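Colleague: pasting the sequence and the predicted coordinates here, then a few questions.
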Amino acid sequence: MRILIVEDEHRIAHSLQKGLEQERFAVDIAYTGREGYDLASTEDYDLIILDLMLPGMDGISICKELRKNKIHIPILLLTAKSQTNEKVEGLNSGADDYLTKPFSFDELLARIRALLRRKGTVVQTNISVDDLTMDVSRFEVKRGGSSISLTSKEFSLLEFLLSKQNQIVTKDQIIQHVWNFDADILPNTVEVYIKKLRDKIDNCFPNKKQLIKTVRGFGYKLGGDE
């Protein structure tokens, strides 16, 4: 899942990015309101963390413009304690929730997951298909009870495929949700990671059903259906 942080305080932005990436989110950062709006209106994000006070274009203006243009990405506002009126205005302008600085990362994470559930994005702690199981909180993957060791990016890719299980997903959708905006993506990057994942969850279990399927001309599908 992919999150955009729009925050002009670099220390806060990078701290949030580091924490969220450890939770297997792909994270982009914008340091100005205009840059944040441009990214939010052109890229595919699952959620936006938006500071109210920004140079160039404030958070309320960003909310209004996004909603006016029918962009309904969940927005979590970051506010200062003294900004009570702005909180109300922000929510009335289309934001979905807010957090007052300073806040704990655990609370931020809980609010993010609540907003993603409201949106309908799969954020369960445990996800499964056939005999493949993923424990998101423990970063554990098993097939038929056997543990599978995945890299961080392989884990994120599998989590995305599980969230769209039995649906065809394109390479562009995978890139948009698993990699950051400024990631160095080569033409065959997705194929390389799909192969790595297939080797670990399918090819290592030759007597079991193949779960990752290539749908030629369209993309990939993960599912237990025949």
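Modeller: That came through fine. Numbering: from 1, shown residues only.

Colleague: so which residues make contact with the lowest-mean-pLDDT helix or strand in the chain?
Modeller: Ranked by mean pLDDT, DSSP states H and E, the weakest helix or strand in the chain is helix 84-92, scoring a mean of 82. With contact meaning Cβ atoms under 8 Å, 6 or more residues apart in numbering, helix 84-92 is reached by Leu52, Gly59, Ile60, Cys63, Leu77, Thr79, Tyr98, Thr100. Heads up, the C-betas are built off the backbone N, CA and C, glycines and all.

Colleague: and that helix, what's buried?
Modeller: Using 16 or more other Cβ atoms under 10 Å as the test for burial, helix 84-92 gives Glu86, Lys87, Glu89, Gly90, Leu91.

Colleague: same question for stretch 173-193.
Modeller: Neighbour count says stretch 173-193 has Gln173, Ile174, Ile175, Gln176, His177, Val178, Trp179, Asn180, Phe181, Thr189, Val190, Tyr193 buried, by 16+ other Cβ under 10 Å.

Colleague: which one among those residues gets closest to Gly145?
Modeller: Tyr193 (24.9 Å; Cβ to Cβ).

Colleague: hmm, back to that, which one of the buried residues of stretch 173-193 is nearest to Lys18?
Modeller: Nearest to Lys18 out of those is Asn180 (Cβ to Cβ; 12.8 Å).

Colleague: from Leu116, how far off is the closest one?
Modeller: According to Cβ to Cβ, to the nearest Å, Asn180 stands 18 Å off from Leu116.

Colleague: correct me if wrong: Asp182 contacts Ala26.
Modeller: No: taking contacts as Cβ atoms under 8 Å, Asp182 lies outside contact range of Ala26: 10.8 Å.

Colleague: domains of this structure?
Modeller: Structurally, the chain divides into domains by automatic domain parsing as follows: 2-119, 126-222.

Colleague: out of these, which is the most enclosed?
Modeller: With neighbours taken as mean count of other Cβ atoms under 10 Å, the domains of the chain reach their highest mean count in domain 2-119, at a mean of 18.

Colleague: rewinding a little: in helices only, show me the buried residues of stretch 173-193.
Modeller: Of these, the ones assigned to helices by DSSP state H are Gln173, Ile174, Ile175, Gln176, His177, Val178, Thr189, Val190, Tyr193.

Colleague: format these as a markdown table; extra columns: distance to Gly144 and pLDDT.
Modeller: Below are these laid out as a markdown table (distance: Cβ to Cβ, whole Å; pLDDT from 0 to 100):
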| residue | distance to Gly144 | pLDDT |
| --- | --- | --- |
| Gln173 | 28 | 89 |
| Ile174 | 26 | 91 |
| Ile175 | 30 | 89 |
| Gln176 | 32 | 84 |
| His177 | 27 | 84 |
| Val178 | 25 | 87 |
| Thr189 | 29 | 92 |
| Val190 | 27 | 92 |
| Tyr193 | 23 | 94 |
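
Colleague: of those, closest to Ile112?
Modeller: His177 (14.9 Å).

Colleague: from Thr133, how far off is that closest one?
Modeller: 21 Å.

Colleague: same thing with Ala114?
Modeller: Counting by Cβ to Cβ - Ala114 and Thr133 are separated by 24 Å.

Colleague: where does Asp199 fall, phi/psi-wise?
Modeller: Torsion angles at Asp199 (phi, psi; degrees, to the nearest 10) stand at phi -60, psi -40.

Colleague: run through this protein and note the low-pLDDT ranges.
Modeller: Along the chain, the model assigns pLDDT under 70 to residues 81-83, 119-125, 224-226.
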